[in-house]
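Undergrad: Quick one, what's the 3D model for this:
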Amino acid sequence: MTAAFADPAKYELWDCKQLEGERKNLASRQAELQGLMAKAQTGTAGPLVAEMAYRNDYLLVRGQAHFAEEAWRKNKCRETPPGAATASPAAKPVAPQARSAPASRSAVY
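TA: Numbering: from 1, shown residues only. Just a heads-up that it's a prediction; the model follows:
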């Protein structure tokens with residue numbers, strides 16, 4: 001049922017690097033929503049508040065996570081080891097080269 005709330009084609013053209021970040025964001029958002037729903041359950045009319053305020057978002061995130069995982073498996077992606085992105089010299093930004101000013105022309109046409 002959660003897949004009905006998400007777009008199945010959203011992650012079709014994403015590469016592994018994009019999918020890795022998105023999967024982490026979705027897992028974080030899903031955990032946040034679960035915490036909010038659990039917290040709402042403890043208050044007055046909690047189950048109703050949890051359903052009204054967070055359930056649709058939670059189902060949407062679960063559906064998106066499902067399709068992101070499918071794309072992850074389909075692309076045969078692997079997790080990037082921690083620190084691997086910062087260790088590569090290609091990942092460091094390169095300072096732009098200073099340009100010399102063009103020669104001034106004093107001729108009047």
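Undergrad: ok, for the residue positioned nearest the centre of the chain, nearest residue in space, not its chain neighbours?
TA: By Cα atoms, centre = their mean, the chain has its centre lying nearest to E22, at 2.8 Å. Once flanking residues are discounted, E22 sits nearest to A68: 5.4 Å by Cβ to Cβ, 6 or more residues apart in numbering. For glycine as for every other residue, the C-beta is placed from the backbone atoms N, C-alpha and C.
Undergrad: Okay, and that neighbour sits in which element?
TA: A68 belongs to helix 46-74 when assigned by DSSP states H and E.
Undergrad: which residues sit in contact with D7?
TA: Applying Cβ atoms under 8 Å, 6 or more residues apart in numbering, we find D7 in contact with Q64, F67.
Undergrad: What separation do you get for it and Q41?
TA: The gap separating D7 from Q41 is 29 Å, by Cβ to Cβ, to the nearest Å.
Undergrad: follow-up on the earlier one: so the residue nearest to E22 sits against Y11, correct?
TA: Yes - with contact defined as Cβ atoms under 8 Å, A68 counts as touching Y11 (5.2 Å).
Undergrad: who touches both of those two?
TA: Taking Cβ under 8 Å, 6+ apart as the criterion, A68 and Y11 both touch L19, E22.
Undergrad: so K10 is in which element?
TA: Here K10 is assigned to no helix or strand, by DSSP H and E.
Undergrad: Not counting residues beside it along the chain, what's closest to it?
TA: Closest to K10 by Cβ to Cβ, 6+ apart is F67, at 6.1 Å.
Undergrad: And for L19?
TA: Residue nearest to L19 in three dimensions, not counting chain neighbours: W72, with 5.1 Å by Cβ to Cβ, 6+ apart.
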